[in-house]
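Engineer: A predicted structure for the sequence below; I have some questions about it.
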Amino acid sequence: MLRTDPGYDNPVVWTRLDAFPTPDGIFFLEFNHDAPAGVGYSAAMTEIYLDLPIVRRFAEQYVLESDEPRPALLAALLTTYRDFGGQEHPNIGIVDWTDVRTSADQIILRDYFIREGYHAVIADPREVELRDGRLYAGDTRLDIVYRRVVTSELLTRLDETRDFTTAYEIRAACFINSFRCRVSENKAFFAFLTDPSQLSFLSDEARATLLKHLPWTRIVAEQHTTLPNGQRVDLCEHVACHRAAFVLKPADAYGGTNVYVGSETDDATWEQALRRAVRDDALWVVQQRVATPVETFPIHHADGTFTFEPMKYNANPFYLGGQIAGAVVRTSQSAVINVSAGGGSIPTFTVAPRQSA
């Protein structure tokens, strides 16, 4: 699937970048190229918040500007479809398992595509069919496959999804993102991007930018490596002795699964996780721990009261067809900030005082 040319050049048409704004600058901890959720949620939350009485009162004194991501997403899909060679007014198929927890996000986007004049459906990759060289969901021909099914899950069900994967291989539809996005989605890619010895093909400015905004990362293995300060160390020995400075996580996972934050993990658990990472058939990475930003948020309780409490958060801008359009902030009491792991999400606004008359 990686070898298959998807029919257009850019393997990453749309993505979500997970970042920590810190006093030392912005650090991007992960790239979510492989079917990330959030564009629909972000747009819907923005509309809901703007209609709240307390926000309307706030907006009497401040200008609230939101960056609606859905138009940029649709434009990115259509531009890529034209690059693919598509000529028709395209039908859009949002393809994912029917039982995913992010189905509401997909419904929001389907309804938006329909309002913008495009026939759009949500389909399960097990139920689509190849007919005469084209891909169908029921009676609907899919010209654009807005792929939301995660590659690692798809690979465990290849026997059930043969028409779907074959359609990609023969270009029966324009798949966005292509499966080539998995190369840079994998967290092991950060080990390449933060190793100066691997970046000689880049300009000095590009290398400096990567090293400034990406946390130092290495693939967990019995090896020697160089720290950001130039010190040469035994990787596993150094990570074992300095757990508070690092985070351990699988290179190919999502949802905050099996993430170990050294400063919040005891010695025995850290040692066990490190041994597992070294021996596991799947790759793990160790990443420099970035200071988690904390802000005070109003928390609504079941009895109707509010309290203001410190919460950890990250900021996640959407990259859609070559531009940043919209963002979602996720909050948590844990350093592993992920909605699937028990966190929450809120929309973002640019706020400015209203000019007095």
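Structural biologist: Now that the structure is in, tell me what you want to look at.
Engineer: How is this structure divided into domains?
Structural biologist: Using automatic domain parsing, the domain parsing of the chain gives 11-34+182-357, 69-176.
Engineer: chain center to the last one: distance?
Structural biologist: Which is domain 69-176. 18 Å (Cα atoms, centre = their mean, to the nearest Å).
Engineer: which residues touch the least confident helix or strand in the chain by mean pLDDT?
Structural biologist: Using mean pLDDT, DSSP states H and E, the weakest-scoring helix or strand in the chain turns out to be strand 344-347, at a mean of 87. Under the contact criterion Cβ atoms under 8 Å, 6 or more residues apart in numbering, strand 344-347 has outside partners 38, 41-42, 45-46, 49, 66, 297, 328-332, 339. For every residue, glycine as well, the C-beta is placed using N, CA and C.
Engineer: 10 Å - rerun?
Structural biologist: Residues outside strand 344-347 that contact it (Cβ atoms under 10 Å, 6 or more residues apart in numbering): 37-38, 41-50, 64, 66-67, 297, 299, 311, 313, 316, 326-333, 337-339.
Engineer: Select from the domains of the chain the stretch with the lowest mean pLDDT.
Structural biologist: For the domains of the chain, mean pLDDT drops lowest on domain 11-34+182-357, to a mean of 90.
Engineer: so how far is it off the chain centroid?
Structural biologist: With Cα atoms, centre = their mean, you get 11 Å for domain 11-34+182-357.
Engineer: circling back to that earlier point, which strands border the least confident helix or strand of the chain, and is each parallel or antiparallel?
Structural biologist: strand 323-332 (antiparallel) (DSSP bridges).
Engineer: check contacts around the nearest residue to residue 39 once chain neighbours are set aside.
Structural biologist: Distances taken as Cβ to Cβ, 6 or more residues apart in numbering put residue 69 closest to residue 39, at 4.9 Å, once the chain neighbours are dropped. Applying Cβ under 10 Å, 6+ apart to residue 69 gives the contacts 14, 16, 38-40, 42-43, 46, 109, 317-320, 323-328.
Engineer: Kindly recompute the last result at 8 Å.
Structural biologist: 39, 42-43, 318, 320, 325-326.
Engineer: now residue 90
Structural biologist: 78, 81, 118, 143-144, 174.
Engineer: that older thread, out of the contacts of strand 344-347, which are inside strands?
Structural biologist: If you go by DSSP state E, the contacts of strand 344-347 have 64, 297, 299, 311, 313, 316, 326-332 in strands.
Engineer: Please convert those residues to TSV, extending it with neighbour count and distance to residue 248.
Structural biologist: Formatted as TSV, the ones in strands among the contacts of strand 344-347 follow (neighbours: other Cβ atoms under 10 Å; distance: Cβ to Cβ, whole Å):
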residue	neighbour count	distance to residue 248
64	16	39
297	16	28
299	14	30
311	22	24
313	22	22
316	23	22
326	24	31
327	20	27
328	24	26
329	19	25
330	20	21
331	19	23
332	20	18
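Engineer: Do I have it right that residue 314 meets residue 329?
Structural biologist: Yes - between residue 314 and residue 329 there is a contact under Cβ atoms under 8 Å: 7.1 Å.
Engineer: Where do the helices of the stretch 151-300 of the chain begin and end?
Structural biologist: 151-154, 162-169, 182-185, 189-193, 204-213, 235-241, 267-279 (DSSP state H, counting those that start in this stretch).
Engineer: mind checking which of those helices is nearest residue 60?
Structural biologist: Proximity to residue 60 (Cβ to Cβ) singles out helix 204-213 among those, at 37.3 Å.
Engineer: now whichever helix in the chain runs longest against strand 323-332, angle please.
Structural biologist: Determined from DSSP state H, the single longest helix within the chain is helix 70-84. Here helix 70-84 points in a direction 130 degrees away from that of strand 323-332 (axes from the mean of the first three to the mean of the last three Cα atoms, to 10 degrees).
Engineer: Can you name every helix or strand that helix 70-84 contacts?
Structural biologist: When contacts are defined as 3 or more Cβ pairs under 8 Å, 6 or more residues apart in numbering; DSSP states H and E, helix 70-84 sits against strand 14-22, helix 39-50, helix 103-115, strand 144-147, strand 174-176, strand 306-320, strand 323-332.
Engineer: still on that earlier bit, which of the residues in the least confident helix or strand of the chain are buried?
Structural biologist: For strand 344-347, a neighbour-count test (16 or more other Cβ atoms under 10 Å) marks 345-347 as buried.
Engineer: Using JSON lines, lay out those together with distance to residue 264.
Structural biologist: Formatted as JSON lines, the buried residues of strand 344-347 follow (distance: Cβ to Cβ, whole Å):
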{"residue": "345", "distance to residue 264": "21"}
{"residue": "346", "distance to residue 264": "23"}
{"residue": "347", "distance to residue 264": "28"}
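Engineer: from those residues, which single one is nearest residue 186?
Structural biologist: residue 345 (24.2 Å).
Engineer: Next, residue 137: phi, psi?
Structural biologist: Here is the backbone geometry of residue 137 (degrees, to the nearest 10): phi -120, psi 100.
Engineer: wait, it sits on residue 121?
Structural biologist: Yes - with contact defined as Cβ under 8 Å, residue 137 reaches residue 121; the gap is 5.4 Å.
Engineer: what sits in contact with each of those two?
Structural biologist: Joint contacts of residue 137 and residue 121 (Cβ under 8 Å, 6+ apart) are residue 93.
Engineer: So these two - more neighbours on which side?
Structural biologist: Using other Cβ atoms under 10 Å as the criterion, residue 137 and residue 121 rank with residue 137 on top: 20 against 17.
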